Each structure stands twice: as structure tokens, then as C-alpha cells.
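Participant: Pasted the sequence and its predicted model underneath.
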Amino acid sequence: MALNRALFQKQLQLGLNTIFGMEYDNYPEQWREVFSVENSNKAFEEDVQMYGFGAAPVKAEGAAISYDSGAEGIVARYVHETIALAFAITEEAEEDNLYGSLGAKYAKALARSMQHTKEIKGMNILNNGFSTSSAPVTGGDGKTLFATDHPLGGGGTSSNQLATNADLSETSLESMLILISDLKDDRQIPIAATGQKLIVPPELMFVAERIVATNLRPGTADNDTNAMRSMGMIPQGVAVNQRLTDPDAFFIMTDVPDGLKHYVRRPIKRAVEGDFETGNLRYKVSERYSFGFTDWRAIFGSEGAA
């Protein structure tokens, strides 16, 4: 009898794992539009930014060469969390041969729940990235992700937020793209960054598409060229994300590396075990990961005028 039950558990686990895996893969991973993926083998990761040299000076004839030194910049810490959930199939359901249909439904619901939590964890980096957020996300420089006064290693400050928050429009998008074009590194050297992708909530998807994708300027009868489109701005187009909580907020991803990251400490792990006290079979899944950001220059944002 023990052997039969153990074999039953094994077969049930194989079946549920297959259903869970197929269902988990069915949901689009929208967080991948924003975050790059890194692996981790520690309880947390510290991502250290380095800043390099200033402009090279002229060396006069016969004079000694000048020296400069790089330095360690901000340190971004990614602390991993364990995300886990389980369900139980009762002994009575097993006896009545309901485990197949119940298990399949529960496994699909579990996959949806795990994926939903991952999406929320990722998008909350953006949702809580402004100083007005109830639980603001701060980086290694002590500032929220979006700020007008990010300190630079060589002195001064820089911004990845409009000086005055504005709703999504042709004008606000152009202003943000100009800010991106003017980006400098910690030693005040221009880095020639460009905007790559516009991230918006569902409420702004039609406005965003009209601004970015039309050949002529939207909302005018002047037959003017849509400069953003003709200049190849925002080449990756518009990405709509349902987990953005502010209907007025919009964001531009840039081509600056080492920006927003998702660290995988341990991928999805699944297990089935029996409970002696109740006779129930329990199926659980868990994974460990973290979301965060290192270089704020990788994304610009506005929380809207309201």
C-alpha cells in the first residue's frame, strides 16, 4: 500500500509539474520588457558602479603626463525574496478520483498566481519609483529611481525626470528625449544615450501609438512630419503593461547598460508530499529572486500632471 501511494504521488507530481510548466509559460512575461536577467548564488547581490576618467588634457612638450583615477561609485543592493504558494488535494478527493481535474485546475491557478506576483514585484520598481510614492524605491545614491537631483560622482547632479511632471504628449515626450540625449556620466562626459522603448499603462496605449507610430504629427492638420518617427526615435516602439498603477505615468527605456535588473537566486521548484495527519496531498512551488536597479540612466519617467 505504501508503495502504491508513493507511486501515485510521483505520477501526480509529474502530471501537475507538466500542467504547471505549460501554464506558467503561457503567460507573457511583461517584466522582461524592462529588466535584464542575472543569476545569483548568494542571499543578496551588490552591484558596484565604477566611474572613470574626465576629459584628457593636452600634454605640453617635455611636460610630465597627467594622471587621473577612477573610483567606486554607488552600490546597489538586491536582496532576494522567497515567493511560494501551495494547495492541497484532500484524501476524499483522491478516493473519489477527483484529483485529476482538481489538480489540473489548481496547478493552472498556481502558475497564474506565481507569474502575477513576479509581474507586480517587477513593476512596483516603477510604480514606487517617484518621491511621491507611498513606499518609494531608492537606489544606491539614496534617491528614488526617478529624481531631478541624482548626485554625480564628480560633483553636481543630473535628472531622469521632467522638471515639471507632464501627461503624455508629443511635447512631453520630446522634452524627455532631449533630457536623455543630454545625459552625462559621473565625470560630466556626454554618453550619447538614446530612448529605445516607451512603457505605458493601458490607459495611454492609444495616445502612445499615435504619437510614436504615425508618419505625420498627431492632432494637427499642418501635414508636418512626425520628427520622432522620421528620426528613428524610440525604435522598439510601445510596450503596454497592465501592472502599472498610475494611469497617467509613462516611461522611456534607454540604451544605458546595467540599469534595471532581475536577479534569479533559484528558479521555480516544485514538490508533492503527503500529510500523515489529514491524508491530504500537498503540492507546492517556490522561487527566489529580486528586482531592482543599478544605473538610473537606464529609464526616464513622468508620473503625469495630475
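Facilitator: Great, that's in hand.
Participant: For the stretch 201-306 of the chain, just list every one of the helices.
Facilitator: 205-213, 227-230 (DSSP state H, counting those that start in this stretch).
Participant: Which strands or helices does the last one pack on?
Facilitator: The one in question is helix 227-230. helix 170-181, helix 205-213 (3 or more CB pairs under 8 Å, 6 or more residues apart in numbering; DSSP states H and E). The C-beta positions use only the backbone N, C-alpha and C, and glycine is treated the same way.
Participant: Would you mind putting the CA coordinates of the first one into PDB?
Facilitator: In other words, helix 170-181. Only the C-alpha atoms of helix 170-181 are listed here, as PDB (Å, rounded to 0.1, in the frame of the first residue of the first chain):
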ATOM      1  CA  GLU A 170       4.200  65.000 -28.200                       C
ATOM      2  CA  THR A 171       5.800  67.900 -26.300                       C
ATOM      3  CA  SER A 172       6.500  66.000 -23.100                       C
ATOM      4  CA  LEU A 173       7.900  63.000 -25.000                       C
ATOM      5  CA  GLU A 174      10.200  65.300 -27.000                       C
ATOM      6  CA  SER A 175      11.300  67.000 -23.800                       C
ATOM      7  CA  MET A 176      12.200  63.700 -22.200                       C
ATOM      8  CA  LEU A 177      14.100  62.500 -25.300                       C
ATOM      9  CA  ILE A 178      16.100  65.700 -25.200                       C
ATOM     10  CA  LEU A 179      16.900  65.000 -21.500                       C
ATOM     11  CA  ILE A 180      18.100  61.600 -22.500                       C
ATOM     12  CA  SER A 181      20.200  63.000 -25.300                       C
END
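Participant: where in this structure is pLDDT low?
Facilitator: Applying pLDDT under 70 to the chain flags residues 1-27, 93-104, 219-223, 306.
Participant: Scan it for its longest helix.
Facilitator: Secondary structure of the chain per DSSP state H: the longest helix is helix 99-127.
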